[in-house]
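# let's see this in three dimensions:
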Amino acid sequence: NAPEGEEMSKPIFNYDEESDTLYVSFIPGEVATGIALNDHMLLRLNISEQRVVGLTLLNYSILAQSTEAGPRSFPLTGLPQLSPASRDLVLEVLRRPPVSELLFLSAYTPSLVDMVPIASVQPIPVATAND
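Numbering: from 1, shown residues only. Just a heads-up that it's a prediction; the model follows:
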């Protein structure tokens, strides 16, 4: 349990319409290491504290767009580039709130022995400047 006053507050969403980028900050101002989950998703972690600081979603409108078959899913192509310990930490962070409220983690299994982690973005009502 985090000491009183250190609990994560509600995420801060900042959408840049021009670049179609959604910035999500869970712990504003905290130093973090960026980990590219794929070409469109950047996870920001405080590795020493093992906690998520933020998430950046590039081409957000495409990521959050649904298809006839349901939400789009994207392979987490950055995971194989990580050390086993870093990969385990990232997967753990992705499976728990607050990230699990924004990204739905699952797996694509092209064969009985292959497994590719994938994620889909939960659509977020993008706040306007008047909110």
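# next SSE after the longest strand seen in the chain?
Of all the elements of type strand in the chain, the one with the most residues (DSSP state E) is strand 51-58. Past strand 51-58, heading to the C-terminal end, the next element that is a helix or strand (DSSP states H and E) is helix 60-63.
# give me the buried positions along that next one.
60, 63 (16 or more other CB atoms under 10 Å). The way it works is simple: take the backbone N, C-alpha and C, and place the C-beta from them, glycine included.
# circling back: figure out how far the longest strand of the chain is from the centre of its chain.
Chain-centre distance of strand 51-58: 5 Å, with CA atoms, centre = their mean, to the nearest Å.
# partner strands of that strand, with direction?
strand 21-25 (antiparallel), strand 41-46 (antiparallel) (DSSP bridges).
# and the last one, C-alpha only, in CSV?
By that I understand strand 41-46. In CSV, the C-alpha atoms belonging to strand 41-46 read as follows (Å, rounded to 0.1, in the frame of the first residue of the first chain):
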residue,chain,number,x,y,z
MET,A,41,1.9,2.9,-28.1
LEU,A,42,4.6,4.2,-25.7
LEU,A,43,4.4,3.2,-22.0
ARG,A,44,6.2,5.4,-19.5
LEU,A,45,7.4,3.6,-16.4
ASN,A,46,9.2,4.4,-13.2
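# show me what counts as buried in that strand.
Neighbour counts using 16+ other CB under 10 Å place 41-45 of strand 41-46 among the buried residues.
# adding distance to residue 107, write these out as CSV.
Conversion of the buried residues of strand 41-46 to CSV gives the following (distance: CB to CB, whole Å):
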residue, distance to residue 107
41, 16
42, 21
43, 18
44, 24
45, 21
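# show me how far stretch 90-98 is from its chain's centre.
In terms of CA atoms, centre = their mean, the centre of stretch 90-98 is set 8 Å apart from its chain centre.
# and for it, what's in contact with it?
Contacts to stretch 90-98, defined as CB atoms under 8 Å, 6 or more residues apart in numbering, come from residues 8, 11, 26, 35, 37, 43, 45, 50-52, 79, 82, 99-100, 103, 105, 117, 119.
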